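Asks: sequence below, structure please.
(4 chains)
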Protein chains: 2
Amino acid sequence: MDSHQQTRTRAPRVTAAMVAAKAGVSTATVSLVANGKTQGRVSEENISRVRTAIAELGYVVDSIGSSLARGVSSIVILVTPDVSNPFFANVIAGVRESLGAQYQLLLSVTDAGESPQADDVRKLLALRPAGLLVGAPSAEFLEDLSAGGPLVLLDAPGLDSWAPSVNLDVAQGARELARHLASSGHTRAAYVDGITGTETFKLRREAFLEEASRCGLTVSADHIISTSIDVGEAAAAFAEAWPSWQREGVTAVVCGTDTHAYGVLQEARVEGIRIPEEVAVAGFDDLPYSATSNPSLTSVHLPATDLGRKAGEQLRALMEGLALTEAHVTLESSLVVRGSTVPA
Amino acid sequence: MDSHQQTRTRAPRVTAAMVAAKAGVSTATVSLVANGKTQGRVSEENISRVRTAIAELGYVVDSIGSSLARGVSSIVILVTPDVSNPFFANVIAGVRESLGAQYQLLLSVTDAGESPQADDVRKLLALRPAGLLVGAPSAEFLEDLSAGGPLVLLDAPGLDSWAPSVNLDVAQGARELARHLASSGHTRAAYVDGITGTETFKLRREAFLEEASRCGLTVSADHIISTSIDVGEAAAAFAEAWPSWQREGVTAVVCGTDTHAYGVLQEARVEGIRIPEEVAVAGFDDLPYSATSNPSLTSVHLPATDLGRKAGEQLRALMEGLALTEAHVTLESSLVVRGSTVPA
DNA sequence: CTGAAAGCGCTTACAG
DNA sequence: CTGAAAGCGCTTACAG
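Replies: Numbering: from 1, shown residues only, chains lettered A, B, ... in the order given. From the prediction side, this is the model:
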């Protein structure tokens, strides 16, 4: 059994030359048939001979050879800053859906929350991707990327000048959230931010803070903290900050992501802090679990699947050489109010 | 600005020939230096000339050309049946961690819960991956894959004869769960299974059922249902089944994944069914959210990150031509008891 | 409609 | 230590 494993040998590769020999044609003809470019260039006779040979030998065009000849591969690279955030699972599903089967999706992820570096970019580009999808990028990253081909940005507010983009209007939901809290009677709130400097986090925070101050909800500078996107870290950070926040009259905590909010909920449970009576909690993303958390979590809903789907569509158009009718698309966000901000 | 986007041109590719010309050497020498194979084959003089030229031109070995010449790419493909399950985010993180920077991780996902087909396999193999990591595969899939090179299976119970593997001992946790419920006084339970025919689901179910019957916890055949791994679908399935289950004395519901369990929790809340008083609920996976759900969820903890990390290590050894000291590794699972099965 | 040939960028015996 | 050359598998003008 072990020898079965150790001696795994690659089956002899079936090449276009083998198909050509079997069908009695040239490799040029095999290539034409395999790629469906026979229109007025290959006789019916030869088409069927080649098809038969392909089927019998189980031939598949080698993508390495093909990529080298064409100058581009069939790989689409999706660069995301953080796969561990379940938000991305939905983005990925959307991308796959719209990209179709002819492109291979390569997920490139950096370590949790870190932005990819210039060196990573080069390695990605060395794969000769057919297209690039970049989520929540930094401006430097885009600078490094400047040499690329088809490129679509996802969730890249303020970076529209670099490339076509699909964005989320997080500000709208953030403002709704501020108004919701203010109208629920809160006058002092704290903010738990993501630690990565991604634009969307900044936008969420700034839109919230601006609208908050407009409606009489105060968030003082030392009531803003940040942690990585991790339940445990958020819990710890909240644990440390809460005593003084409470002393200083904070009655609402807004988190940059639902994951941060789960940490706050967890710590609150451990410490016996009542939610929403003692402190209201809200997040961004509206992850699937926010409906079942304890209590259920008020959150700004972001359409992750749509984001991925639309970005895939745009990229596909670009890769096919089409002009985009709309280079910049914005998807709406909206507040979902649940038990963490409203007493049952 | 739009024209900036439309006219994006690929920067002229820097080739080994350009580096060679600049350094005054042959491309063979450039290749040797770029790949660090200079040991006793290139003079110090030439090494530094080439290094300088590489740095000045920003040369990166083209992975397509390189792959074609070597016969294998630097891509590692991770085939997973379902990215939307957050469990995989951790598996992926573990794989990335142990695989290192020299391999590119390509995530290949099929549509939710569907097994990849023979045709998909061929497309994957056409990329000439350096290695393959296959999660929760079916036997047919492995059959199709038989031609491959380095391969490690993840979470593939019962398929050890195909390739080296890293498995989870889910049975152990499943038995613990059965004993926990029986000792809490339950005598009738129902089971909500995953709809995909993956071995791990079968193993979870069978180990649970076996131990349950051993300790006097009855699970009749018509109290076993299955849905896809989706909160909403699980909720709907539970909603439909619960009235008769309740009538027939069921007081505990065990779910094949935590995601299924979230659906049950959600429906229970909607219907005002008290948990754990009226019905106890438990799952498998121990996702991060299970600690904060309402109520918190009793679950069989599975070490996702370790699974990915260990599988990456094994594959790496294989790709480097090393023999594995242990071809089959099993990681332990354990029950985490929380509020969904024990009254506060 | 068809095939011989060049070329994509690189690696690796091989001869020197 | 070095470079000319063959070859990886495919695609695409090009000549017929």
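Asks: quick check, pLDDT for the closest residue to residue A:224 other than its chain neighbours.
Replies: Nearest residue to residue A:224 in three dimensions, chain neighbours excluded: residue A:191, at 4.6 Å (CB to CB, 6 or more residues apart in numbering or on different chains). Every residue, glycine included, has its C-beta placed from N, CA and C. Per-residue confidence (pLDDT) for residue A:191: 98.
Asks: touching, residue A:191 and residue A:208? I think so.
Replies: Yes: counting by CB atoms under 8 Å, residue A:208 is a contact partner of residue A:191 at 7.0 Å.
Asks: common neighbours of these two, please.
Replies: A:219, A:254 (CB atoms under 8 Å, 6 or more residues apart in numbering or on different chains).
Asks: who are the neighbours in contact with the residue nearest to residue A:224?
Replies: A:205, A:208, A:209, A:219, A:223, A:224, A:225, A:253, A:254, A:255, A:256.
Asks: for DNA strand D, see how far away residue A:89 is.
Replies: Applying CB to the nearest atom of the strand, to the nearest Å, the value for residue A:89 to DNA strand D is 33 Å.
Asks: test my guess that that residue contacts residue B:87.
Replies: No: contact between residue A:89 and residue B:87 fails when scored by CB under 8 Å: they sit 10.2 Å apart.
Asks: just say helix, strand or coil for the residue nearest to residue A:224.
Replies: Counting by DSSP: H, G, I helix; E, B strand; the rest coil, the backbone at residue A:191 sits in strand.
Asks: what about it, distance to residue B:131?
Replies: 44 Å (CB to CB, to the nearest Å).
Asks: not counting its neighbours along the chain, what's nearest residue A:287?
Replies: Going by CB to CB, 6+ apart, residue A:287 has residue A:258 as its nearest residue, at 4.6 Å.
Asks: list the contacts for that neighbour?
Replies: A:283, A:284, A:285, A:286, A:287, A:289, A:290, A:297, A:299.
Asks: what's the helix or strand for residue A:208?
Replies: helix A:199-214 (DSSP states H and E).
Asks: what is that helix packed up against?
Replies: helix A:170-183, strand A:189-194 (3 or more CB pairs under 8 Å, 6 or more residues apart in numbering or on different chains; DSSP states H and E).
Asks: in the stretch 201-344 of chain A, which residue sits closest to chain B?
Replies: residue A:294 (3.0 Å; CB to the nearest CB).
Asks: what is the burial count for the closest residue to that residue other than its chain neighbours?
Replies: Nearest non-adjacent residue to residue A:294, counting by CB to CB, 6+ apart: residue B:294, 3.0 Å away. Using other CB atoms under 10 Å in any protein chain shown, residue B:294 has 23 neighbouring residues.
Asks: so residue B:294 touches residue B:269, yeah?
Replies: Yes: in this structure, residue B:294 is within contact of residue B:269 by CB under 8 Å, at 7.1 Å.
Asks: for the stretch 151-300 of chain A, just list every one of the helices.
Replies: A:170-183, A:199-214, A:231-247, A:258-271 (DSSP state H, counting those that start in this stretch).
Asks: how about those in CSV, adding mean pLDDT and distance to residue A:160?
Replies: Formatted as CSV, the helices of the stretch 151-300 of chain A follow (pLDDT from 0 to 100; distance: least, CB to CB, whole Å):
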stretch, mean pLDDT, distance to residue A:160
helix A:170-183, 96, 15
helix A:199-214, 93, 11
helix A:231-247, 93, 31
helix A:258-271, 89, 26
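Asks: please identify the most buried of those helices.
Replies: helix A:258-271 (a mean of 25; mean count of other CB atoms under 10 Å in any protein chain shown).
Asks: which residue packs closest to residue A:285, ignoring adjacent ones?
Replies: residue A:258 (4.4 Å).
Asks: look up how far DNA strand C lies from that neighbour.
Replies: With CB to the nearest atom of the strand as the criterion, residue A:258 and DNA strand C are 44 Å apart.
Asks: do residue A:72 as well
Replies: 10 Å.
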